[in-house]
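# Based on what follows, work out the 3D shape:
(one chain, ligands or ions: 1)
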Amino acid sequence: MDSLDKGKKNPILSSFSYAVIGILTAIKAERNMRFHLISSLIAIGLSIYFSITKIEWLFILFAIGGMFALELINTAIERVVDLVTTEYHPFAKQAKDIAAGAVFIYAILSAIAGILIFMPYVLKPFQ
Ligand SMILES: Nc1ncnc2c1ncn2[C@@H]1O[C@H](COP(=O)(O)OP(=O)(O)OP(=O)(O)O)[C@@H](O)[C@H]1O
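Reported below is the predicted structural model:
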């Protein structure tokens with residue numbers, strides 16, 4: 001049995017544990033992941049504080065989950081690019097910048113969703 005066959009006895013459990021290891025590795029290595037973690041905790045805290053509706057929770061949870069998923073994919077792309085070359089290559093630049101672009105678009109959308117959801121709750125006492 002070589003090292004890649006380890007854990008094949010329970011494939012569901014092992015792929016779950018690899019996924020958790022991947023998430024923890026990215027949180028440890030990537031500053032952006034830690035930023036998303038803190039932002040997510042703040043968003044969840046505000047959602048509980050303002051007792052937002054079920055539909056609003058759905059948007060918040062999809063914003064958080066989507067952001068983490070995209071940042072993980074972006075990190076994986078960065079790793080693969082660095083594995084292929086640490087030399088300057090225009091395709092390496094394109095791959096990293098395009099993946100970063102995907103994260104950026106989702107981050108903007110998530111921020112807009114957050115503002116649209118929380119703003120009315122914040123402004124309510126002043127109306
Ligand atoms: N091998 C490469 N060839 C050409 N350009 C590269 C290469 N590696 C990185 N770059 C460019 O440098 C920028 C910074 O790359 P880096 O790998 O530090 O990722 P990053 O965008 O700073 O993300 P993070 O901070 O999450 O690691 C990239 O966005 C890309 O434009």
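# my read: Phe59 touches Ala113, true?
Yes - the criterion here is C-beta atoms under 8 Å, and Phe59 meets it with Ala113 at 5.1 Å. Using the backbone N, CA and C atoms, a C-beta is placed for each residue, glycine as well.
# can you list the residues of the protein near the ligand?
Contact residues (C-beta under 6 Å from any ligand atom) of the chain with the ligand: 30, 32, 78, 85, 88-89, 92-93, 96-97, 100.
# Buried ones only from the residues you listed, please, as a ChimeraX command.
Selection of buried members from the residues of the chain next to the ligand for ChimeraX, criterion 16 or more other C-beta atoms under 10 Å:
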select :30,32,78,92,100
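# any chance of the residues of the chain next to the ligand in CSV, with pLDDT too?
CSV is the format used below for the residues of the chain next to the ligand (pLDDT from 0 to 100):
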residue, pLDDT
Glu30, 96
Asn32, 95
Glu78, 97
Thr85, 96
Tyr88, 98
His89, 97
Ala92, 98
Lys93, 98
Lys96, 98
Asp97, 98
Ala100, 98
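# Kind regards, and thank you for your time.
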